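below is the sequence, then the predicted model.
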Amino acid sequence: MRGGRAVLMAGVALAVFTSQEMWVTFSPVASRVAAELGVSKEAVGLLAIVYPALFLALTLPSGILLDRSFKTWLLFGVATTVAAGILRPLGLHSYAWLLACQTLAAIGQPFLLNAFAPVASRLYPEARGWAVSLLSFSMYLGIITALGTGYIVYTHAGMAGLVAPAAVLSAVSAALVALGAGYLAGAGGGSSGGGRAVIAELKSIVGDRILWLLGIVLGLGVALFDNMSIWLETVLSTVGLGSIAGPAVALALLAGLAGIAFIPSRVIGAGRRTLYIRAASLLGVAVYTALALRVSGLGALTLIPLLGLVMLPAYPVIMEWISTFYEKSLHGGASGFIGLISRVFTVALATAAVAFIGRPSSYFAFLAMLSLAALATALMLPGDC
């Protein structure tokens, strides 16, 4: 059984990696892919946009379904991801085919990402922090791999090279999950009760003050990094530093991966989740205030990665919080609810940032205010968690 559990966990982690890699497969070479497919760059951009769009629509329903039948809907998330990865190479030069596959993968994504807490509590109840850290590491690594290697792969192997890794890894993920699926029979099922139970769960989740606070903190944190991914080059280019925007964000993500490898386990083991979230928010205030006062290439390349090191591990810490302090029957729904709040914040604040991108001082002051709002929210969390 123990071996089956490890195999299953490896398969799910690989599916998470593949899902995120497929999300931004074409983003590093969007203009070249557009020319090859004979479509506009905006059309290629749509291949990535369907992910957050469907996540926003499906995050809460997917979480509720995971709570109703954990095994069924976890396997659904894996199956849709695997199918998309394997099918993409069959229609490399058809935009419609690639969009259909991307939509299939995007449907599966919320079922995987909202399964972090349920997987941790059901498969590794004695090591929840490790489990959510592994899945979070896989999530970020998939994005970084696609963004970091896409240009090189495309120039040497074209479209086939771009989609081949996901196809191979999808097949491996399917095999691992199939081998370990038997463990799901003893991992705890979902809750039952039909429509009334769903309504009761929704009322319990929406009425939970702590979930609102965690969702706001996570939403502000995600919004900060999404904001930089979208606008940092535009902002820094106004002072001749546009070329360092990409490296700064990439280094922040890599530093975040390193942080995920050791920070959550120490924070959780010490029972200092709230203190850590407050400290990470305070660091955000300090970093963005410093950049607002004076921005330089060295400052951006140092401070932004430092922020990534400390802030990105907040995701697994919050997922572990859910898996530890909430009933199993609420894990999926709670994760979906927090995901919904975070995506709403991301979209709203990415739009609001347009008013501040004219100068680095105003832009970083805006991000400092967001960090201050995260700190104020974190101060309302219970202090003994």
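Perfect, thanks for sending it. Numbering: from 1, shown residues only.

now the helices for the stretch 101-250 of the chain?
116-123, 128-180, 194-206, 209-236, 245-270 (DSSP state H, counting those that start in this stretch).

which residues does the shortest one contact?
Contacts of helix 116-123 with the rest of the structure, by Cβ atoms under 8 Å, 6 or more residues apart in numbering, involve 5, 8-9, 12, 66-67, 70, 74, 127-129, 131-132, 135-136, 183, 187-188, 316, 319-320, 322-324, 326, 328, 331-332, 334-335. No exception for glycine: its C-beta is placed from N, CA and C like everyone else's.

out of the helices of the stretch 101-250 of the chain, which is the most enclosed?
When you average the neighbours per residue for each of those (mean count of other Cβ atoms under 10 Å), helix 116-123 leads with a mean of 26.

where do the strands sit along the stretch 1-150 of the chain?
For the stretch 1-150 of the chain, applying DSSP state E, counting those that start in this stretch gives no strands.

what separates the spatially most central residue of the chain from residue 340, distance-wise?
Nearest residue to the geometric centre of the chain (Cα atoms, centre = their mean): residue 139, 6.0 Å. The gap separating residue 139 from residue 340 is 17 Å, by Cβ to Cβ, to the nearest Å.

same question for residue 119.
From residue 119 over to residue 340 the distance is 20 Å, taken as Cβ to Cβ.

quick one, the lowest-mean-pLDDT helix or strand in the chain and helix 209-236 angle?
None of the helices or strands of the chain scores lower by mean pLDDT, DSSP states H and E than helix 194-206, at a mean of 77. For helix 194-206 against helix 209-236, the angle by axes from the mean of the first three to the mean of the last three Cα atoms, to 10 degrees is 70 degrees.

and helix 194-206, what other elements does it pack with?
Packed against helix 194-206 by the contact rule (3 or more Cβ pairs under 8 Å, 6 or more residues apart in numbering; DSSP states H and E) you find helix 41-68, helix 331-352.

out of the ones you listed, nearest to residue 197?
With distances scored as Cβ to Cβ, the stretch of these nearest to residue 197 is helix 41-68 (7.8 Å).

next, the buried residues of that closest one.
Buried residues in helix 41-68, counted by 16 or more other Cβ atoms under 10 Å: 43-44, 47-48, 50-52, 54-56, 58-68.

and it, how far from the chain's centre?
Here the centre of helix 41-68 is set off from its chain's centre by 12 Å, with Cα atoms, centre = their mean, to the nearest Å.

on that earlier part again, give me the contact list for the least confident helix or strand of the chain.
64, 67-68, 191, 193, 211, 329-330, 333-334, 337.

ok, 6 Å please
64, 333-334, 337 (Cβ atoms under 6 Å, 6 or more residues apart in numbering).

can you list these in TSV and add distance to residue 350 and pLDDT?
Output for the contacts of helix 194-206, formatted as TSV (distance: Cβ to Cβ, whole Å; pLDDT from 0 to 100):
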residue	distance to residue 350	pLDDT
64	27	92
333	26	91
334	25	91
337	21	92
